[in-house]
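Asks: Quick one: sequence and predicted model below, then my questions.
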Amino acid sequence: MSHSPNEPILLTSSLHVDDARQAIAGLVNDLIQESTALHDHDAIETVSLDQAIDRILAIDLLSPIDVPAADNSAMDGFAFDGKCLNTGSANITLRIVGSVFAGKPYEGSVAPGDCLKIMTGAVMPAGCDTVIPQEFTSAITENSIEFKSDQLKLGENRRLRGEDLQKGKPAIAAGRLLRPSDLGLAASLGIASLQVKRRLKVAILSSGDELRTLGQELDAGSIYDSNRYSLTGLLNRLNLDIIDCGIVRDDPTSLKKAFIEAAGKADVLISSGGVSVGEADFTKQIMQELGDVGFWKIAMRPGRPMAFGVLKPTPGNARKTLFFGLPGNPVAVMVTFYQFVRAALLQLNGANQTEPPLTQAIAEEPIRKKPGRTEFQRAILGRGTDGKPTVRLTGSQGAGILRSMSEANCFVILGHDQGNIAAGDWVDVALFDGLL
Ligand code: AMP
Ligand code: MG
């Protein structure tokens, strides 16, 4: 399902999570194609390696060198000409004619029947193509070793020049969300800075008359606004520019003003609250004036209501703004962010991999589940006594119970058509932390 940004997405019946994701990806793609829609969203910046974590590589990083730069030893042992392995003799004796260390190439050449003591990483000396690891040898004199010829083949324990990376070939492809290993890889090539996509500007706001900012008194019926803080945390994981637009009252004038202001500064606006039945009506009215926004009932739990679309350019703002109206419940905010917003932000910023990885684990206890909606239950991934991965839910799973998220380290994702889960069943799991 794909929607042009000019055509409102209007859905009344429950929408499958996969269809919602596809609709979002389609609209984001339309925005990317429409070059004037989001100004300079594909602009490129050069940043030093220490600033590049979680940014998106803008163009292929080509290796300026072969890695490794020369054939070298993969083991501590003895380097020799491997042809002697094919002569049929069961035992091989070699004369040690010297030593070679990493960083200090051997000047001379090694004749057949001779060997050099070699350290891991040392450049293979001329005349040598094979390394016998130290532990496979026995010394027969101070200056000679012996080993069984069936312990290795010609060429073994040698790393070949360019086997890791070849000069001129991509070392990291454009679109990579840069991880610590990528920074190390760039450094290993002598590259000190990378060309990355500019950071997206993402505005966040919370809507609700009951919300209070930290530091304010809590009067009867009011609650602290927690969503902006969980959203800030989620967005910081993506190394974005966050524009905090605070709390907005539940009245059309304040909301409209806040939306216009936020859209004027940001590529993407994420609001929370005010999209559920009963509240959505005046939000809908405003959205009809400001953009093409669909109000979705998604077949998921938590996170059923969600608004999504684009805010139109205005006289003061010459470009469109992607808009997510997330539900107000603190857990639903995080689930819908994880499920829909994260991938859209990555896609908009040119990432080639937008879906977080899934794994599977065994349910420790039965889980109640109704077919016809996707559920995101909060759980702890661990290990059973047999070493297999297991999950157990973190207590009460209400959409407002943030502790269920806080104590969890993963979602158990129960698919649309799935019914009750029995203890011992395998279930899909999405880990919260991508550590590498
Ligand atoms: P709503 O989607 O506006 O109907 O809100 C659903 C529930 O989430 C209500 O109980 C709200 O009080 C609560 N809620 C809405 N926004 C926030 C927020 N920013 N922080 C904490 N709770 C919120
Ligand atoms: Mg509300």
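Replies: Arrived safely, thanks for sending. Ligands and ions are numbered 1, 2, ... in the order given.

Asks: Let me see the ranges of the helices in this protein.
Replies: Assigned by DSSP state H, the helices in the chain fall at 17-33, 180-188, 227-236, 252-265, 280-290, 330-336, 342-348, 403-406.

Asks: which one of those helices has the lowest average pLDDT?
Replies: Note on the helices of the chain: lowest mean pLDDT is at helix 280-290, with a mean of 85.

Asks: right, quick check: it against ligand 1, any contact?
Replies: No: under the criterion of CB under 6 Å from any ligand atom, ligand 1 is not reached by helix 280-290; the shortest gap measures 8.6 Å. C-beta here means a position set from N, CA and C on the backbone, and glycine is covered the same way.

Asks: Buried ones in that helix, by neighbour count?
Replies: Of the residues in helix 280-290, 280, 283, 284, 286, 287, 290 count as buried by neighbour count, 16 or more other CB atoms under 10 Å.

Asks: Surely the first one and residue 306 touch.
Replies: No: Residue 280 sits out of contact with residue 306 when judged by CB atoms under 8 Å, with a separation of 10.3 Å.

Asks: now stretch 78-91, how far from the centre of its chain.
Replies: Centroid displacement of stretch 78-91 relative to its chain, using CA atoms, centre = their mean, to the nearest Å, is 48 Å.

Asks: Over to stretch 266-286?
Replies: A distance of 28 Å separates the centroid of the chain from that of stretch 266-286, by CA atoms, centre = their mean.

Asks: Can you report phi and psi for the residue lying closest to residue 209 once chain neighbours are set aside?
Replies: The shortest distance from residue 209 to any non-neighbouring residue, by CB to CB, 6 or more residues apart in numbering, is to residue 250 (4.7 Å). Backbone torsions for residue 250, taken as degrees, to the nearest 10, come to phi -80, psi 60.

Asks: any idea how far residue 250 is from ligand 1?
Replies: As judged by CB to the nearest ligand atom, to the nearest Å, residue 250 and ligand 1 stand 8 Å apart.

Asks: rewinding a little: select, from the buried residues of helix 280-290, the two members most distant in space.
Replies: Pairwise distances across the buried residues of helix 280-290 peak at 14.6 Å for 280 and 290 (criterion: CB to CB).

Asks: near ligand 1, which residues of the stretch 101-250 of the chain?
Replies: Proximity of the stretch 101-250 of the chain to ligand 1, by CB under 6 Å from any ligand atom, involves residues 206, 208, 210, 211, 223, 225, 226, 227.

Asks: The residues you listed into CSV, with extra columns for neighbour count?
Replies: As requested, these are exported to CSV (neighbours: other CB atoms under 10 Å):
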residue, neighbour count
206, 25
208, 19
210, 15
211, 23
223, 12
225, 23
226, 15
227, 29
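
Asks: related to what we said a few turns ago, which one of the buried residues of helix 280-290 is nearest residue 390?
Replies: For these, the residue nearest residue 390 by CB to CB is residue 280; the value is 39.8 Å.

Asks: What is the burial count for the residue in the chain positioned nearest to ligand 1?
Replies: Nearest residue of the chain to ligand 1: residue 328, at 2.4 Å (CB to the nearest ligand atom). For residue 328, the neighbour count with other CB atoms under 10 Å is 24.

Asks: Could you find the closest non-adjacent residue to it?
Replies: Closest residue in space to residue 328, ignoring its immediate chain neighbours: residue 273 at 3.3 Å, by CB to CB, 6+ apart.

Asks: Tell me the pLDDT of the residue of the chain positioned farthest from its centre.
Replies: Ranked by distance from the centre of the chain (CA atoms, centre = their mean), the top residue is residue 141, with 55.9 Å. For residue 141, the model assigns a pLDDT of 88.

Asks: On the strand side of things, show who it bridges to.
Replies: Applying DSSP bridges to residue 141 gives these bridge partners: residue 144.

Asks: and the gap between the spatially most central residue of the chain and residue 80?
Replies: Closest to where the C-alpha atoms of the chain average out (CA atoms, centre = their mean) is residue 356, at 5.9 Å. Residue 356 sits 49 Å away from residue 80, going by CB to CB, to the nearest Å.

Asks: that older thread, how near is the residue nearest to the centre of the chain to residue 162?
Replies: 33 Å.

Asks: again with residue 413
Replies: According to CB to CB, residue 413 stands 42 Å off from residue 162.

Asks: How about residue 387?
Replies: Distance of residue 387 to residue 162, computed by CB to CB: 39 Å.

Asks: Comparing these two, which residue is more hemmed in?
Replies: residue 162 (17 against 7).

Asks: Might one say that that one is in contact with residue 67?
Replies: Yes: taking contacts as CB under 8 Å, residue 162 lies within contact range of residue 67: 6.9 Å.

Asks: Domain-wise, how is this protein divided?
Replies: Listed domain ranges for the chain are 14-43+199-348, 72-159, 359-431 (source: automatic domain parsing).

Asks: deepest of the ones you listed, which one?
Replies: Highest mean neighbour count of the domains of the chain: domain 14-43+199-348, a mean of 19 (counted as mean count of other CB atoms under 10 Å).

Asks: how far out from the middle of the chain is that domain?
Replies: Averaging C-alpha positions (CA atoms, centre = their mean) puts domain 14-43+199-348 21 Å from its chain's average.

Asks: can you tell me which of the helices of the chain comes nearest to ligand 2?
Replies: Closest to ligand 2 of these is helix 280-290 (CB to the ion; 9.5 Å).

Asks: how far off helix 252-265 does the closest one point, in degrees?
Replies: Angle of helix 280-290 versus helix 252-265, following axes from the mean of the first three to the mean of the last three CA atoms, to 10 degrees, is 50 degrees.
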